[in-house]
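Colleague: my questions concern the predicted model and sequence given below.
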Amino acid sequence: MTEPERGTHVADAGQTMRSGCPVNAAAEALGDAWSLVILRDLMLGRPLRFSELAGNSLEGIPRGILAARLRRLEAGGLVTRTRVAGSRGEHYALTDAGIDVLPILVQLGNWGIKHRPTSPLLRVRTEVLARGGAPFVAAMMAELREAYLGVPRPDPTEPRPIGRIAEAYLDASMRLADEPGLIDRAADAASEGTGAPGARYLVVPYALPAEPALAEVAEWAIAHLSSGIGVRDLAAAAHLSERQLRRRFIAVYGRSPGDWLTGERVRIARHLLTSTGLPVDEIAARVGFATTAGLRTAFARAGLPSPRAYRRAAESETTADRS
């Protein structure tokens, strides 16, 4: 019986490993928690600049650690640097080996949901992938290979999983009036491909800010918009003065807390107008406007038609898409 291989082992890529064990080889290539969250962020299907990876990190990865982990991932063949037409500077993209990490991330996410406290909003992507099963994960990997490697998807007519996940994340952020089961229904609909038509009238999903404390406040605000919360309520939830809150919001969002709240109310109202048959006055109440006039004013200031006209335009486009 031969002794197991121990000590330094030279990998095909020229890197040394502690042993030739496959589990060890994978663990050393993936590195640590920071490397995994970098790969997670690149699974959104587009190359990202260094500044985007640093600024959009929910975990607030320090720039020095980010630079070191990117170098390690690039040396290990999981990430590559590329240039994107019409954009300055280098971007980081996944390689084929990097894309193959997706099923591992899904399983890690499942473990996190089962054994650790997690945010209902932030676990939506993992839930969509888990409920879609192996075919959904494989379809997402095909979409990533098309985006990063230029390999056409086997069936270009199939809905894009990344788009379904984005829609589920958007739907999950509409947790108005503490409606039970909304996040679960959004994940189910996305994994089954039963999302609402007229998707072009949906804004991009809400992205939580990089600062963890502010992310929690923003998530709380979205869940309680229907109660008519204002800047004072946001400051109390954040345990900050209104002046401190204003500085934080301007630094992260580039706008005041009041403007951010109005923007979120308009964004969610747009979603409800295009994905539900709720009366306009009820939608206004759900997003925290005392009257429909307040909702109309907010739409006008955002450069949008009236809520009823917005709904008619979305319905017209949906009908055209189906014909």
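Modeller: Thanks, I have it.
Colleague: confirm that residue 315 sits in a strand.
Modeller: No: Residue 315 is assigned helix when assessed by DSSP: H, G, I helix; E, B strand; the rest coil, not a strand.
Colleague: what count of nearby residues applies to it?
Modeller: The local packing of residue 315 (other C-beta atoms under 10 Å) involves 15 other residues. The way it works is simple: take the backbone N, C-alpha and C, and place the C-beta from them, glycine included.
Colleague: so what pLDDT did it get?
Modeller: Looking at residue 315, its pLDDT reads 77.
Colleague: distance of it relative to residue 57?
Modeller: In this view, residue 315 and residue 57 are 39 Å apart by C-beta to C-beta, to the nearest Å.
Colleague: one more: residue 75?
Modeller: 21 Å.
Colleague: and the longest helix along the chain, how far out from the chain middle?
Modeller: Longest among the helix segments of the chain by residue count, using DSSP state H, is helix 124-149. Here the centre of helix 124-149 is set off from its chain's centre by 14 Å, with C-alpha atoms, centre = their mean, to the nearest Å.
Colleague: repeat that for stretch 40-50.
Modeller: 11 Å.
Colleague: residue 285: neighbour count?
Modeller: By the criterion of other C-beta under 10 Å, residue 285 has 19 neighbours.
Colleague: got any ranges where this structure has weak pLDDT?
Modeller: Along the chain, the model assigns pLDDT under 70 to residues 1-16, 56, 86-87, 167, 169-213, 215, 253, 317-323.
Colleague: quick one: the strands in it, in order.
Modeller: Under the criterion DSSP state E, the chain contains strands at 9-10, 16-17, 79-83, 90-94.
Colleague: distance to residue 228 and mean neighbour count added to those, as a markdown table?
Modeller: A markdown table is the format used below for the strands of the chain (distance: least, C-beta to C-beta, whole Å; neighbours: other C-beta atoms under 10 Å):
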| stretch | distance to residue 228 | mean neighbour count |
| --- | --- | --- |
| strand 9-10 | 63 | 13 |
| strand 16-17 | 58 | 14 |
| strand 79-83 | 46 | 15 |
| strand 90-94 | 42 | 20 |
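Colleague: which one of these lies closest to residue 61?
Modeller: Nearest to residue 61, of all the strands of the chain, is strand 90-94, at 13.1 Å by C-beta to C-beta.
Colleague: want to throw the strands of the chain into JSON lines with distance to residue 286?
Modeller: Converted to JSON lines, the strands of the chain look like this (distance: least, C-beta to C-beta, whole Å):
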{"stretch": "strand 9-10", "distance to residue 286": "59"}
{"stretch": "strand 16-17", "distance to residue 286": "55"}
{"stretch": "strand 79-83", "distance to residue 286": "42"}
{"stretch": "strand 90-94", "distance to residue 286": "39"}
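Colleague: so for residue 256, which of those sits nearest?
Modeller: Per C-beta to C-beta, nearest to residue 256 of those: strand 90-94, 31.6 Å.
Colleague: which ones are touching the nearest residue to residue 272 once chain neighbours are set aside?
Modeller: In space, and not counting its chain neighbours, residue 272 is closest to residue 283: 4.7 Å by C-beta to C-beta, 6 or more residues apart in numbering. Taking C-beta atoms under 8 Å, 6 or more residues apart in numbering, we find residue 283 in contact with 269, 272, 273, 276, 295, 307.
Colleague: how much space separates the fifth one from residue 304?
Modeller: Residue 295 sits at a distance of 10 Å from residue 304 (criterion: C-beta to C-beta).
Colleague: tell me which of those two has more neighbours.
Modeller: Set residue 295 next to residue 304 and count neighbours by other C-beta under 10 Å: residue 295 wins out with 24 against 16.
Colleague: show me the contacts for that one.
Modeller: 265, 269, 280, 283, 284, 287, 289, 307.
Colleague: next: residue 299.
Modeller: Neighbouring residues of residue 299 by C-beta under 8 Å, 6+ apart: 266, 269, 305, 306, 307, 310.
Colleague: with distance to residue 120 added, can I get the residues you listed in TSV?
Modeller: What follows is the contacts of residue 299, written out as TSV (distance: C-beta to C-beta, whole Å):
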residue	distance to residue 120
266	23
269	22
305	33
306	33
307	28
310	28
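Colleague: relative to residue 238, which of the residues you listed is nearest.
Modeller: Looking at the contacts of residue 299 and their distance to residue 238, the nearest is residue 266, at 22.0 Å (C-beta to C-beta).
Colleague: what about residue 63, neighbour count?
Modeller: With other C-beta under 10 Å as criterion, residue 63 counts 13.
Colleague: pretty sure it contacts residue 53?
Modeller: No: at 9.4 Å, residue 63 does not count as touching residue 53 under the criterion of C-beta atoms under 8 Å.
Colleague: now do the shared contacts for the two.
Modeller: Counting by C-beta under 8 Å, 6+ apart, residue 63 and residue 53 have no common neighbour.
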